[in-house]
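> here's a sequence, model it:
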Amino acid sequence: MTVITPPAALPIRRIQWQLRQPAQINRSGWSGRRQVAGQPGGAVWTASGEFAPIVREANARPWRAFWLALRGAINTFYLPASEGDQHALSFTARVNGAGQTGRTLAIDGLPASTTIISSGALVSIPTTNQLLMLTSALTSNGSGQATLAFEPALRVSPADNAIVETKNPVAHVALTSDASGWSVDPGQVYGFAFDVEEVF
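I've put the predicted structure just below:
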């Protein structure tokens, strides 16, 4: 498995994200009572979408090469998870302490006493290739520390001082199919569509 770098910023026109959180549901035939068991670490992000039209074959060639370099579902790439910078600040957020698990993560390296991004924003942890959505705003204390609260739960405990990407989060993904291709409309208008899922 190799990470393939696209030839330019992905020209995404439309994208749909989903988070699958597997659960086993049992309902009693006697009482009708429902019981649910979840599996922390089993959640997977998926995305489907399409590129903006690319006009002229010469402009489409690098993208054709990119899709085929993915070798179907074998290789991976990083898919931007936000439509632009989530904030305009300059800092490097890092994990503050090893051994953390669950749905919260202590971090530091933030500007002091600042609300950086709101709930619903996304962050990613490059060393563990995990994408997380905040369930409360990221607000630092006077020492530049904060606790992230998010979904889904951490799959693995990130190392102390691991970087947490708050400005331009990404998902580490692969195609869900072993086939890849494109469409061509009259006038050499090329279309590229994709269905991907998170890889870890």
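> per the record, what domains does this structure have?
Domain assignment for the chain by automatic domain parsing gives 12-81+172-198, 93-168.
> who does the most centrally placed residue in the chain form a beta bridge with?
By C-alpha atoms, centre = their mean, the chain has its centre lying nearest to A171, at 2.8 Å. On the basis of DSSP bridges, A171 is bridged to L79.
> neighbouring strands - and their directions - for the helix or strand bottoming out on mean pLDDT in the chain?
Using mean pLDDT, DSSP states H and E, strand 34-38 stands out as the lowest-scoring helix or strand of the chain, at a mean of 78. Partners of strand 34-38 in the sheet, by DSSP bridges, are strand 23-27 (antiparallel).
> what does the least confident helix or strand of the chain rub up against?
Strand 34-38 is contacted by residues Q21, P22, A23, Q24, I25, N26, R27, S28 when judged by C-beta atoms under 8 Å, 6 or more residues apart in numbering. Where you see a C-beta, it was placed from the backbone N, CA and C, and this is true even at glycine.
> contact partners for D178?
If you count contacts by C-beta under 8 Å, 6+ apart, then D178 has G72, A73 around it.
> Three-state assignment for it, please.
Classification of D178 using DSSP: H, G, I helix; E, B strand; the rest coil returns coil.
> tell me how far it lies from G191.
Distance, D178 to G191, by C-beta to C-beta, to the nearest Å: 20 Å.
> residue contacts, the residue nearest to the centre of the chain?
Contacts of A171 (C-beta under 8 Å, 6+ apart): W45, A47, Y78, L79, A81, S124, L131, V196, E198.
> which pair in those residues spans the largest distance?
Spanning the widest gap among the contacts of A171 are S124 and V196, at 14.9 Å by C-beta to C-beta.
> run through the helices of the chain in chain order.
Applying DSSP state H to the chain gives helices spanning 57-69.
> would you confirm that E151 contacts R103?
Yes: E151 lies in contact with R103 (C-beta atoms under 8 Å); the separation is 6.5 Å.
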